[in-house]
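Trainee: here is the input, now give the coordinates:
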Amino acid sequence: MINRMKLEFAALSANEPFARNAVAAFCLPLDPSLDELSDIKTAVSEAVTNCIVHAYRGGQGTVVIECETDASAVHISISDAGSGIEDVPRALEPFYTTAAGEERSGMGFTIMQAFMSDLSVTSQKGAGTTVRMSKYIGRGGDAKVADAD
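Mentor: Coordinates of the predicted model:
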């Protein structure tokens with residue numbers, strides 16, 4: 001049975017723990033291991049933080065999370081309507097950051113890729129970004145990355 005949920009909240013740092021815990025709770029019927037649950041929470045945290053820090057630069061905005069579960073996986077989409085990413089392939093490179101002066105490591109997408117089974121990023125400069133990621137529960141597996149500008 002497929003289950004779905006959608007969350008929409010203000011792009012505030014205070015909402016990041018809410019987002020990660022809401023997605024984790026939604027995944028519980030899949031009976032993930034503690035490691036799998038931790039991976040999902042970390043990836044969601046990274047994606048939401050990217051929306052807050054990079055898309056809206058601390059200004060006003062909205063983050064939308066949509067999740068779907070099937071028999072063996074959770075599929076997560078995290079979107080913003082912020083500044084967008086000018087060069088998605090470059091943004092996916094480890095240590096690349098557009099906020100170098102703000103002590104950012106540039107590892108957000110790398111962490112998402114490492115902790116999830118699949119990752120794709122679509123973005124349009126000035127119109128926002130969507131990160132789609134999936135975690136296959138009980139199977140492990142390396143992430144596959146796809147960028148689609």
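Trainee: residue 127 - how many residues pack around it?
Mentor: The tally of other residues near residue 127 (other CB atoms under 10 Å) stands at 11. No exception for glycine: its C-beta is placed from N, CA and C like everyone else's.
Trainee: burial measure for the closest residue to it other than its chain neighbours, as a count.
Mentor: Closest residue to residue 127 apart from its sequence neighbours, by CB to CB, 6 or more residues apart in numbering: residue 84 at 5.4 Å. Neighbourhood size, residue 84 [other CB under 10 Å]: 18.
Trainee: same thing with residue 85?
Mentor: Neighbours around residue 85, by other CB under 10 Å: 24.
Trainee: packing partners of the longest helix seen in the chain?
Mentor: Scanning the chain for the helix with the most residues, using DSSP state H, yields helix 34-50. The contact analysis (3 or more CB pairs under 8 Å, 6 or more residues apart in numbering; DSSP states H and E) places helix 34-50 against helix 16-27, strand 62-69, strand 73-80, helix 108-115, strand 128-136.
Trainee: the third one: what's the following helix or strand?
Mentor: Right, strand 73-80. Elements were assigned by DSSP states H and E; along the chain past strand 73-80, the next helix or strand is helix 88-91.
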